[in-house]
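Undergrad: Okay, predicted coordinates and the sequence, questions at the end:
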Amino acid sequence: MKPIFESAKQLESELISIRRTLHQYPEIGSILPRTQSFVFGKLEEYGYCPQKLCESAVTATISGKQPGKTILLRADMDALPIQEAAPVSFASENGSMHACGHDMHTAMLLGAAKLLKQYQQDLVGTVKLVFQPDEEGFTGAKAMLKAGVLENPHVDAGIAFHVVSGIPSGTVMCGSGTCMAGCTLFQIHIKGAGCHGAMPETGVDPINIAAHVYLSLQEIIAREIAPTQPAALTIGRFSAGEAPNNIPEEVILEGTIRTMDCKISKYIFDRIEVISTQTASLFRGQASVKEIASAPPLQNDSEMVKELAGYMKECYDPHKIVLSAQGGMGSEDFASYTYERPCCYMLIGAGTPEENPLFGKPMHNDHVVFNEEVLPLGSALYASNAINWLQNHAQ
């Protein structure tokens, strides 16, 4: 499928234009009306009959003349509530930001849609294109699955790509087995009794309780989880009070649990609940703990990873295809698909500081800049992997 990579290069200026349009007007969460409308319109322009799914998702299918299996290609579309500070001419104009590259993924999959039309004669079976909202909130994939995204037509396998800042441009990383952590977002609500700061004995200080809870939670990872088990517990929000001389009524803590094992995640969550409620009671307050959202560990199908890596090495620089048995502690809600069908989730390097001083900032950073030159590569990899997989699994 080398010709498809040459065809993808011809789309570079169009893909950059698509990506920058999406980048300037990002939307967050599960309601993405502008993004949905844009993607819907592009698919119609390319000759598809797209459909809307859930609140803001878009799907479309393309089939070859010969019947066969169906493979799903997924891109996420949502952004983050971050004020962009990157020095680019197409920076976000609305206070949100595509700081995780989802605009890149959407542009890549739209490029793949155009390529699949061009190479439709090579299709044996069906490709289902899926543009999904709210990956960041971990509700998008679950909502898509509940809405029946894996049926009509029945999906046999799935592929997704994600760009990564800080990795050399064009490097494709393929992890086998459990290669990304599961994540549980949680909230701790601590209630006390407000009072004047000059008379703390007349109230119940929820900030004091929250401080003890915060410090105690660190001991779960340090003393209750085996050092051989990857696990991280992070509190990212600590919200309390509005005045320096008042003790407030309540404190909100929010954080994440990340592990490679669902049982360990549940153990940590249960311990958070016990430690929070009992610590609050010890200091005359109250606490409640709830799960906000979650995604399980991502499980790549090892055989599918090897298969796709083989295709890519035949039509792309084999030295840039990196197979790995190790995973990272980042999380991704595409994981939910991996428990339903054989799937392969891969990473595409999108720039280092050595390539360009603007590249290489951390993901979710307000200065992160991705190398747009990898857009045609992503489109070609989506399309060529789908075509090859379908041909290899023809009934």
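TA: Thanks, I have it.
Undergrad: now what about the helix or strand where residue 221 lies, what contacts it?
TA: Per DSSP states H and E, residue 221 falls inside helix 206-223. With CB atoms under 8 Å, 6 or more residues apart in numbering as the test, helix 206-223 has contacts from 188, 190-192, 231-233, 235, 238, 240-241, 247-251, 253, 268, 271-272, 275-276, 279-280, 283, 285, 287. The way it works is simple: take the backbone N, C-alpha and C, and place the C-beta from them, glycine included.
Undergrad: mind redoing it with 7 Å?
TA: 188, 190-192, 231, 233, 235, 238, 240-241, 248, 250-251, 253, 268, 271-272, 275-276, 279-280, 283, 285 (CB atoms under 7 Å, 6 or more residues apart in numbering).
Undergrad: Please apply the same query to stretch 81-97.
TA: Residues outside stretch 81-97 that contact it (CB under 7 Å, 6+ apart): 20, 23-28, 79-80, 99, 366-369.
Undergrad: Buried ones from these, can you make that a ChimeraX selection?
TA: This is how ChimeraX selects the buried members of those, with burial counted by 16 or more other CB atoms under 10 Å:
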select :20,23,24,25,26,27,28,79,80,99,368,369
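Undergrad: and which of the contacts of stretch 81-97 is nearest residue 40?
TA: residue 27 (14.0 Å; CB to CB).
Undergrad: what sits against that closest one?
TA: 34-35, 78-79, 96.
Undergrad: Show me which of those residues are buried.
TA: Using 16+ other CB under 10 Å, the buried ones in the contacts of residue 27 are 35, 78-79, 96.
Undergrad: So which of these is the closest to residue 302?
TA: Distances from residue 302 to those, taken by CB to CB, are shortest for residue 78, at 29.3 Å.
Undergrad: okay, now residue 87: neighbour count?
TA: Residue 87 sits with 9 neighbouring residues when counted by other CB atoms under 10 Å.
Undergrad: For it, which three-state class applies?
TA: coil (DSSP: H, G, I helix; E, B strand; the rest coil).
Undergrad: Same question for residue 145.
TA: With three-state DSSP as the criterion, residue 145 was assigned helix.
Undergrad: which residues sit in contact with the nearest residue to it once chain neighbours are set aside?
TA: If the residues on either side of it in the chain are set aside, residue 145 comes closest to residue 336, at 6.0 Å by CB to CB, 6 or more residues apart in numbering. For residue 336, the contact set (CB under 7 Å, 6+ apart) comprises 141-142, 145, 295-296.
Undergrad: State the helix or strand in which residue 336 lies.
TA: helix 335-338.
Undergrad: ditto for residue 256
TA: strand 250-259.
Undergrad: Could you list every helix and strand that that strand packs against?
TA: Packing contacts for strand 250-259, counted by 3 or more CB pairs under 7 Å, 6 or more residues apart in numbering; DSSP states H and E, involve strand 182-191, helix 206-223, strand 231-240, helix 262-282.
Undergrad: tell me what the last one is packed against?
TA: The reference is to helix 262-282. In terms of contacts (3+ CB pairs under 7 Å, 6+ apart), helix 262-282 is packed against strand 182-191, helix 206-223, strand 231-240, strand 250-259, strand 286-295.
Undergrad: Any chance of those in a markdown table with mean neighbour count as columns?
TA: Shown next, in a markdown table, are these (neighbours: other CB atoms under 10 Å):
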| stretch | mean neighbour count |
| --- | --- |
| strand 182-191 | 22 |
| helix 206-223 | 17 |
| strand 231-240 | 15 |
| strand 250-259 | 21 |
| strand 286-295 | 17 |
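Undergrad: a markdown table for the ones you listed, including distance to residue 307 and mean pLDDT?
TA: Shown next, in a markdown table, are the helices and strands packed on helix 262-282 (distance: least, CB to CB, whole Å; pLDDT from 0 to 100):
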| stretch | distance to residue 307 | mean pLDDT |
| --- | --- | --- |
| strand 182-191 | 25 | 97 |
| helix 206-223 | 37 | 98 |
| strand 231-240 | 31 | 96 |
| strand 250-259 | 28 | 97 |
| strand 286-295 | 25 | 97 |
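Undergrad: nearest to residue 106, of the ones you listed?
TA: Closest among the helices and strands packed on helix 262-282, using CB to CB: strand 286-295, at 19.6 Å.
Undergrad: from the chain's centre, how far out does the closest one sit?
TA: 21 Å (CA atoms, centre = their mean, to the nearest Å).
Undergrad: same for it, what does it pack against?
TA: So strand 286-295, by 3+ CB pairs under 7 Å, 6+ apart, packs with strand 182-191, helix 262-282.
Undergrad: Dump the ones you listed into TSV; add distance to residue 135 as well.
TA: Listed next are those as TSV, based on distance: least, CB to CB, whole Å:
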stretch	distance to residue 135
strand 182-191	11
helix 262-282	19
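Undergrad: so which of those comes closest to residue 354?
TA: When the helices and strands packed on strand 286-295 are compared by CB to CB, strand 182-191 sits nearest residue 354, at 30.7 Å.
Undergrad: what does that closest one contact?
TA: 138, 206, 209-210, 213, 249-259, 262, 265, 269, 272, 276, 280, 285-297, 331, 335.
Undergrad: returning to what we had before: of the contacts of residue 27, closest to residue 159?
TA: residue 78 (19.4 Å).
Undergrad: pretty sure that closest one contacts residue 134?
TA: Yes - counting by CB atoms under 7 Å, residue 78 touches residue 134, with 5.3 Å between them.
Undergrad: who touches both of these two?
TA: By CB under 7 Å, 6+ apart, the residues touching both residue 78 and residue 134 are residue 29.
Undergrad: and residue 186, bridged to which residues?
TA: With DSSP bridges applied, residue 186 shows beta-bridge pairing to residue 255, residue 291.
Undergrad: mind giving me CSV with the helices and strands packed on strand 250-259 and columns for distance to residue 341?
TA: Formatted as CSV, the helices and strands packed on strand 250-259 follow (distance: least, CB to CB, whole Å):
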stretch, distance to residue 341
strand 182-191, 18
helix 206-223, 33
strand 231-240, 28
helix 262-282, 19
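Undergrad: Looking at the ones you listed, which is nearest to residue 122?
TA: Using CB to CB, the helices and strands packed on strand 250-259 put strand 182-191 closest to residue 122, at 36.8 Å.
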